[in-house]
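J.: coordinates for the following, if possible.
(one chain, ligands or ions: 3)
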Amino acid sequence: MALVTSTELFKKAYAGKYAIGAFNVNNMEIIQGIFEAAIEEKSPLIIQVSAGARKYARHEYLMHLVQASIEMAKASGKDIPVVLHLDHGDSFELCKSCIDGGFTSVMIDASQHSFEENIRITKEVVDYAHSKGVTVEAELGKLAGVEDDVKVKAEDATYTDPKQAKEFVERTGCDSLAVAIGTSHGAYKFKGEPKLDFKRLAEIEALLPGFPLVLHGASSVPQDLTDICNQYGGKIPGSRGVPEEMIAQASKTGVCKINVDTDLRLAMTGQIRKVFFENPSEFDPRKYLGPGRDAVREVVKRKMRIMGCSGKA
Ligand code: G3H
Ligand code: 13P
Ligand code: ZN
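T.: Ligands and ions are numbered 1, 2, ... in the order given. This is a model prediction of the structure:
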């Protein structure tokens, strides 16, 4: 199977009451670890690239690494559907460049603009993307946290308004919508008890039946991953992530895509730190990137089981 758009995958996920994991990539080892997990779990896969990751690794490398992984899976008879998605595109130009360069899905995140301006920018991207057979995720509401250079303070975060969500989807024609219900980007999500607004999520779902919703900022920052990082290096000043039970709960709703980046970073960094802690004179990149890759594979498998997309390819 070649790269696919999100359309069919989301239809199945919605009907089957599970979510598909969308994992951020920056380099070869992360891509390999994620693919190994998806193949082992027989799970559909969304590989996503932020503007920062694209700048770091470069478009052509990422395209070819993903294509190589698909070809290798196919050759071994373990075909899985894969979406290659731009995460948090902040302009029409960036989205167009990814569409023209072979991505099968893009996110236009104009959520920092006014409602009307968000609609205008999103619609422009939707019109172009659809003319090329590419699907579009948009965002309404503002998540707290850090992504690339954009920092949103907790007090500036705004939850998605259900009625506005319906109007937004109708007027833009977007294919999926990222909603703000209390998650945030990064390792420091909740000051106190983790809390997601499931009531609001149900209201959005009721007004948009059958329409795929997306949850960003969904890393769980699990204790076992932060413990390894902390044991072998500087403390990750973590608070709490989204508990795994809440990810499982959200996966059974209209949420069809759940984004994870931070937990992959924690998993990989923990193992690399461990190698250097135990052998500070190590200088063969394979000796530390290899364990990092294995850790990415294991955490992705765990996510796929929690989201329910294991066995759904
Ligand atoms: O939501 C953002 C992702 O975690 C990507 O982070 O922009 O640092 O690559 P990045
Ligand atoms: P986390 O920081 O919780 O992993 O969220 C990642 C994300 O939403 C990428 O778009
Ligand atoms: Zn995000």
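J.: C-alpha only now, for contacts and for neighbours.
T.: Fine.
J.: give me the low-pLDDT residue ranges for this protein?
T.: Applying pLDDT under 70 to the chain flags the ranges 1, 145-156, 238-239.
J.: host element of the most centrally placed residue in it?
T.: If you average the C-alpha coordinates of the chain and look for the closest C-alpha using C-alpha atoms, centre = their mean, you land on N259, 2.6 Å from that point. Mapping N259 onto the secondary structure by DSSP states H and E places it in strand 255-260.
J.: what about that strand and ligand 1, any contact?
T.: No: no part of strand 255-260 sits near ligand 1 under the criterion C-alpha under 6 Å from any ligand atom; the closest distance found is 7.3 Å.
J.: may I see the buried residues of the next helix-or-strand element following that strand?
T.: Reading on from strand 255-260 to the C-terminus, the next helix or strand found by DSSP H and E is helix 262-278. Applying a neighbour-count criterion of 16 or more other C-alpha atoms under 10 Å, the buried positions in helix 262-278 are 262-276.
J.: for the closest residue to ligand 2 within the stretch 1-150 of the chain, which three-state class applies?
T.: When distances are taken as C-alpha to the nearest ligand atom, the stretch 1-150 of the chain reaches nearest to ligand 2 at D87, 5.6 Å away. Secondary structure for D87, judged by DSSP: H, G, I helix; E, B strand; the rest coil, is strand.
J.: contact residues of the stretch 151-300 of the chain facing ligand 1?
T.: Residues of the stretch 151-300 of the chain found near ligand 1 (C-alpha under 6 Å from any ligand atom) are H185, D261.
J.: please enumerate the strands of the stretch 151-300 of the chain.
T.: Counting by DSSP state E, counting those that start in this stretch, the segments of the stretch 151-300 of the chain that form strands are 176-179, 213-215, 255-260.
J.: quick one: name the residues of this protein near ligand 2.
T.: If contacts are counted using C-alpha under 6 Å from any ligand atom, the residues of the chain sitting beside ligand 2 are D87, H185, G186, H216, G217, A218, S219, N259, V260, D261, T262, D263.
J.: would you turn the residues you listed into CSV with distance to T160?
T.: Rendered in CSV, the data for the residues of the chain next to ligand 2 read as follows (distance: C-alpha to C-alpha, whole Å):
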residue, distance to T160
D87, 19
H185, 16
G186, 20
H216, 13
G217, 14
A218, 16
S219, 20
N259, 17
V260, 20
D261, 22
T262, 23
D263, 25
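J.: drop anything exposed from the residues you listed.
T.: When neighbours are counted using 16+ other C-alpha under 10 Å, the residues of the chain next to ligand 2 contain these buried positions: D87, H185, G186, H216, G217, A218, S219, N259, V260, D261, T262, D263.
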